[in-house]
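>>> 3D, please:
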Amino acid sequence: MRFLCLVMVDEEKLGALSKEESQELDDLSLDHDQKLRNSGKFLAAAALEPVRASKLVRMKDGKTIVTDGPFVETKEQVGGFILIDANDLDEAIALASRIPAGQRLGGIIVRPVKELTHSGKPCG
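Residues are numbered from 1 along each chain as shown. Below is the predicted model of the structure:
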């Protein structure tokens with residue numbers, strides 16, 4: 001089964017890290033990704049730029065509306081993700097608990113990936 005691990009970080013804490021501390025966290029994260037690769041559990045991962053760099057795109061009445069955001073009243077934002085292959089939710093939680101940024105700056109949301117299948121009927 002595939003699981004998406006959303007790495008939640010407190011951007012204030014992340015921004016307060018020294019250059020050396022930030023690099024250490026990057027190194028730990030990349031080492032963790034390599035361990036997952038070596039175990040065959042790693043599918044994909046990426047860190048995200050700060051939430052202030054993002055845009056929220058919505059469609060309304062056939063028009064595209066772009067706003068700054070998303071901004072939610074919370075201390076933690078999605079800072080990155082790791083897509084893993086695990087046997088079940090318990091294994092996914094165990095793997096997620098070792099993600100360095102989650103340990104140091106926030107937490108990890110673990111969600112099963114919904115496998116979509118096409119009906120075979122033509123669309124549109």
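>>> buried set for stretch 101-121?
Applying a neighbour-count criterion of 16 or more other Cβ atoms under 10 Å, one finds 101, 102, 104, 105, 106, 107, 108, 110 buried in stretch 101-121. (Each C-beta comes from the backbone N, C-alpha and C, glycine too.)
>>> how much space between the first one and residue 60?
Translated: residue 101. Residue 101 is 35 Å from residue 60, where distance means Cβ to Cβ, to the nearest Å.
>>> ok, now which ones touch the residue lying closest to residue 65 once chain neighbours are set aside?
Once flanking residues are discounted, residue 65 sits nearest to residue 58: 4.9 Å by Cβ to Cβ, 6 or more residues apart in numbering. Taking Cβ atoms under 8 Å, 6 or more residues apart in numbering as the criterion, residue 58 is in contact with 64, 65, 67.
>>> what about the second one, how many neighbours?
If I follow you right, that is residue 65. Using other Cβ atoms under 10 Å, the number of residues around residue 65 comes to 10.
>>> equivalent analysis for the first one, please.
Burial of residue 64 is recorded as 8 neighbouring residues (other Cβ under 10 Å).
>>> now it, nearest residue through space, not along the chain?
Per Cβ to Cβ, 6+ apart, closest to residue 64 is residue 57, 6.3 Å.
>>> same thing with the last one?
What sits nearest to residue 67 in space, not counting adjacent residues and going by Cβ to Cβ, 6+ apart, is residue 56, at 5.0 Å.
>>> in helices, which of the buried residues of stretch 101-121 appear?
Judged by DSSP state H, the subset of these located in helices is 101, 102, 104, 105.
>>> low pLDDT regions in this structure?
70-73 (pLDDT under 70).
>>> would you map the strands across it?
Along the chain, counting by DSSP state E, strands occupy 2-10, 42-47, 55-60, 63-68, 76-85, 106-112.
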